[in-house]
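Undergrad: can you look at this prediction? I've put the sequence above it.
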There are 2 protein chains.
Amino acid sequence: MEKKRPLILVSNDDGYQARGVRELMKCLKDMGEVVGVCPDAPRSGQSMAITVNSPLRVERVEDVDGMEMHRVNGTPVDCVKLAMHVALGGRQPDLVVAGINHGSNASINVVYSGTMGATFEGCAFGIPSIGFSLTDHHPEADFAPGLPFVRRLTELVLANGLPEGVCLNVNIPNTEKAPTEMRLARACRGNWSDEYKEYTDPHGHKFYWLTGKFRNDEPEAIDTDEWMLAHGIVSVVPSMLDRTAPVDTLPEWLFNIR
Amino acid sequence: MEKKRPLILVSNDDGYQARGVRELMKCLKDMGEVVGVCPDAPRSGQSMAITVNSPLRVERVEDVDGMEMHRVNGTPVDCVKLAMHVALGGRQPDLVVAGINHGSNASINVVYSGTMGATFEGCAFGIPSIGFSLTDHHPEADFAPGLPFVRRLTELVLANGLPEGVCLNVNIPNTEKAPTEMRLARACRGNWSDEYKEYTDPHGHKFYWLTGKFRNDEPEAIDTDEWMLAHGIVSVVPSMLDRTAPVDTLPEWLFNIR
């Protein structure tokens, strides 16, 4: 008996017109039935935001190389929810894949990322989910060198599944030479500094624009995503939906609150 | 020598005019110098979203019972970032407290919550951070019965700190009798079902509005936040900023990817 063709939901946060999501869909095309449900415009940095106070629409737009594409006037998480409830006609996908993001989602970026928001939402539905990002913000970024890894990892996840509540945050280094390796990693400790550029408007009022430099707090550690990206290696960070801290990390006094 | 008075940053996601944040500030008033930096309008469900593609403003508005209040045209995370970079004049707060949210942030809601977004952002800055929520969405909700717990836990965190990368997600049950106890808990497994109400606009096009029922996937487990709230107990869930899954939860094949 022939194995059923897997249904693969693709989303992103750069919007349905972004190159990254189109390259991703083409890369996955022969691995199953691929359906795209993406924001109608760029929604970077949307984390797991949901739209609670306004109406949402799902609109089918022009196919991508023969694959269905729908756009939603909402966040990446809205896209995954509306895919499940509307666009996929009630079918449960076998896999959710988000990206390929234009820009890194390594280290602390995982918590702000809309690409990873969509990935965690797939995970919340109990579906194996992977987020892919390329460390290059350019709209015309070259995704080709990373595609063999996208393909290989997607095949592995389709074959093996993922533990409940765990999804994958995959970052592809934008190096001159194509990456030759992919490795399991953990999110590097680090954060952003000098985060705002200050301006004065024509009326003398100040306003601020988010910017900043990433600060790596453990540049020597060789098991982090940042280390791997700096060494031309594709990093794969297994990431949890649940945020409860493990009991053994907690101080005594917390157990005695009343 | 007298101990320095702690600086306490307060934020929320219901906006600077919400009762919940005002009650919270009044409750904390004699414990330190309290400064509010809140969204200019309700921003529920914003998770850790950040504003990357538009300018932000910070505006000081009327004091709350003698305490400074600033409003920001952005998300809860934007508020904490702009507090650190602008509103607090470069001073590092000793504590970040978010809430009191009008509505539960127990179980899976922690990942969508803007209140917890502000709390995790405080944690990302290395500051002990607590998010408080009351399981009552009503704008005129009665926060008074929970305030003794808010006070007691805030004092404990000011005195003891929190482990790096761990913040607290505190939910207060909206029960007829005031809660009499507060306990350490873990986030209950559960999710939302029937998530959208479908409408048809006057032109015959469909649109959707987020709604749904919470489904508790482990109603018998007595160590979850949902169980405690159902039994009139204030739940305290230590929650991690880092999302990397522990190595011992991962399948063998993930260690062998190349």
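TA: Great, that's in hand.

Undergrad: okay, CA-based contacts and neighbour counts for the rest of this
TA: OK.

Undergrad: doesn't A:His85 fall inside a helix?
TA: Yes. A:His85 forms part of a helix when assessed by DSSP: H, G, I helix; E, B strand; the rest coil.

Undergrad: so how many other residues sit close to it?
TA: 18 (other CA atoms under 10 Å in any protein chain shown).

Undergrad: quick one: pLDDT of it?
TA: As predicted, A:His85 sits at a pLDDT of 94.

Undergrad: got the phi and psi for A:Ile130?
TA: phi -130, psi 130 (degrees, to the nearest 10).

Undergrad: next one, pLDDT for it please.
TA: 98.

Undergrad: where in chain A is pLDDT low?
TA: The model of chain A has pLDDT under 70 over residues A:1-3.

Undergrad: and the strands in it?
TA: In chain A, the strands defined using DSSP state E lie at A:7-11, A:33-39, A:58-64, A:67-72, A:95-102, A:129-134, A:166-172, A:182-184, A:190-193, A:196-200, A:206-210, A:213-216, A:234-240.

Undergrad: can you put the ones you listed in JSON lines and add mean neighbour count?
TA: As requested, the strands of chain A are exported to JSON lines (neighbours: other CA atoms under 10 Å in any protein chain shown):
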{"stretch": "strand A:7-11", "mean neighbour count": "27"}
{"stretch": "strand A:33-39", "mean neighbour count": "28"}
{"stretch": "strand A:58-64", "mean neighbour count": "15"}
{"stretch": "strand A:67-72", "mean neighbour count": "21"}
{"stretch": "strand A:95-102", "mean neighbour count": "30"}
{"stretch": "strand A:129-134", "mean neighbour count": "30"}
{"stretch": "strand A:166-172", "mean neighbour count": "30"}
{"stretch": "strand A:182-184", "mean neighbour count": "21"}
{"stretch": "strand A:190-193", "mean neighbour count": "16"}
{"stretch": "strand A:196-200", "mean neighbour count": "13"}
{"stretch": "strand A:206-210", "mean neighbour count": "17"}
{"stretch": "strand A:213-216", "mean neighbour count": "13"}
{"stretch": "strand A:234-240", "mean neighbour count": "26"}
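
Undergrad: would you convert the ones you listed into JSON lines that also reports distance to chain B?
TA: Converted to JSON lines, the strands of chain A look like this (distance: least, CA to the nearest CA, whole Å):
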{"stretch": "strand A:7-11", "distance to chain B": "17"}
{"stretch": "strand A:33-39", "distance to chain B": "15"}
{"stretch": "strand A:58-64", "distance to chain B": "8"}
{"stretch": "strand A:67-72", "distance to chain B": "10"}
{"stretch": "strand A:95-102", "distance to chain B": "14"}
{"stretch": "strand A:129-134", "distance to chain B": "13"}
{"stretch": "strand A:166-172", "distance to chain B": "7"}
{"stretch": "strand A:182-184", "distance to chain B": "5"}
{"stretch": "strand A:190-193", "distance to chain B": "7"}
{"stretch": "strand A:196-200", "distance to chain B": "7"}
{"stretch": "strand A:206-210", "distance to chain B": "5"}
{"stretch": "strand A:213-216", "distance to chain B": "12"}
{"stretch": "strand A:234-240", "distance to chain B": "4"}
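
Undergrad: can you list those in CSV and add distance to B:Asp248?
TA: Output for the strands of chain A, formatted as CSV (distance: least, CA to CA, whole Å):
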stretch, distance to B:Asp248
strand A:7-11, 28
strand A:33-39, 32
strand A:58-64, 40
strand A:67-72, 38
strand A:95-102, 23
strand A:129-134, 19
strand A:166-172, 12
strand A:182-184, 13
strand A:190-193, 24
strand A:196-200, 39
strand A:206-210, 37
strand A:213-216, 26
strand A:234-240, 11
